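*Asks:* Any chance you can model this:
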Amino acid sequence: MSADRTRQDANEPRSRRAFLEHLAATTAAGVCGVPAVSRAGAPPHLGLDFPGSAAVRRTMRFRFLDPLSIYPATYIWSAYPRRQAGYYTALFWGNDDGKGDLRTFLWTPSGDADSYYGAHPYPSPRPHGTNHHWEISVVQDDFVNGAVEYDRWHRQALRVWADRSGKYHEFYWDLPFTDRKHRVSHKAPPAWGNRMPPVPTLTWGDAPWAPGKEVWNGVLRGIQVYERCLTVGDILRESRSPRSTPAGAASLWYLNLDPTPDDLSDKSGRGHHPAWVGDERPQLWTGTQPAG
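*Replies:* Now for the predicted structure:
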């Protein structure tokens with residue numbers, strides 16, 4: 001089990017039950033069964049409704065072919081998972097050389113993987129289980145903590161950084177909760193992640209080494225990417241309002257809170273625009289989402 005390295009943020013609600021009771025008191029049925037907050041006059045949110053692996057012929061993913069550095073970085077997004085058999089992909093930083101099989105994953109001269117990570121649900125039992133746990137995928141292994149609750153929104157964040165002692169990865173899968181029960185952590189050795197893959201890529205929605213077999217099932221939206229490891233306090237503030245902290249404003253690399261199949265463009269002003277791979281697209285999701 002991953003080590004406990006970060007204290008629970010002081011702004012976090014003191015009781016999960018109280019938070020959920022408050023949420024239930026302010027929610028109503030949303031589009032396609034997605035929970036929604038009733039806010040008169042509020043514009044609808046938009047998102048990408050992925051159908052899962054069983055409904056995809058080849059692949060359904062978008063990618064940045066000129067990504068930010070692998071370390072340090074912070075990713076914030078909203079995820080609404082639906083149950084499916086097998087693997088999901090929310091995001092991967094890793095190789096995408098077009099071979100589209102294990103050679104893409106095991107790309108080093110010695111035939112192993114290096115310089116990648118991802119955060120999403122992991123099947124239990126693998127590979128075709130229909131129950132899942134939240135995981136960090138790194139060092140050719142899968143580190144899990146916390147059962148996935150389907151058919152509800154999760155505000156999530158992954159932060160990664162490096163120092164002389166190793167490479168650190170922390171996945172907060174249900175913001176604003178940041179205690180050890182609501183995060184996955186792993187420290188990799190210092191030698192990990194120092195070699196550049198043949199085609200370094202930041203990918204969302206499907207795995208480049210298993211195209212069509214690890215497609216997200218559910219909605220992804222609210223995407224924020226930072227080229228800095230933000231503090232937990234800054235993550236909580238940025239997850240509610242992008243550029244609301246000095247560190248977030250200085251390091252925001254990509255922003256699209258309401259991505260659509262026709263508009264993945266970067267709203268940060270930095271010009272980091274991703275593109276779809278192939279011709280398959282998710283559906284447009286429209287609704288409202290509880291605040292994280």
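
*Asks:* Can you pull out the low-pLDDT segments for the stretch 1-150 of the chain?
*Replies:* The model of the stretch 1-150 of the chain has pLDDT under 70 over residues 1-41.

*Asks:* try 90 this time
*Replies:* 1-43 (pLDDT under 90).

*Asks:* Could you check how far the nearest residue to L46 once chain neighbours are set aside is from R152?
*Replies:* Leaving out its chain neighbours, the residue that sits closest to L46 by C-beta to C-beta, 6 or more residues apart in numbering is D258, at 3.8 Å. C-beta coordinates here come from the backbone N, C-alpha and C atoms, glycine included. Distance, D258 to R152, by C-beta to C-beta, to the nearest Å: 20 Å.

*Asks:* Which residues are in contact with R221?
*Replies:* R221 is in contact with H45, L46, G47, L48, W77, S78, L257, D258, P259, W285, Q289, counting by C-beta atoms under 8 Å, 6 or more residues apart in numbering.

*Asks:* wait, I meant A85
*Replies:* Going by C-beta under 8 Å, 6+ apart, A85 touches A54, P123, H128, G129, T130.

*Asks:* If any of those residues are buried, put those into a ChimeraX selection.
*Replies:* The following ChimeraX line selects those of those that are buried, judged by 16 or more other C-beta atoms under 10 Å:
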select :123
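
*Asks:* Adding distance to L175 and secondary structure as columns, could you present the contacts of A85 in JSON lines?
*Replies:* Converted to JSON lines, the contacts of A85 look like this (distance: C-beta to C-beta, whole Å; DSSP: H, G, I helix; E, B strand; the rest coil):
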{"residue": "A54", "distance to L175": "29", "secondary structure": "helix"}
{"residue": "P123", "distance to L175": "23", "secondary structure": "strand"}
{"residue": "H128", "distance to L175": "30", "secondary structure": "coil"}
{"residue": "G129", "distance to L175": "26", "secondary structure": "coil"}
{"residue": "T130", "distance to L175": "25", "secondary structure": "coil"}
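
*Asks:* Taking the contacts of A85 together, which two end up most distant?
*Replies:* Greatest spatial distance in the contacts of A85: A54 and G129, 14.6 Å, computed using C-beta to C-beta.
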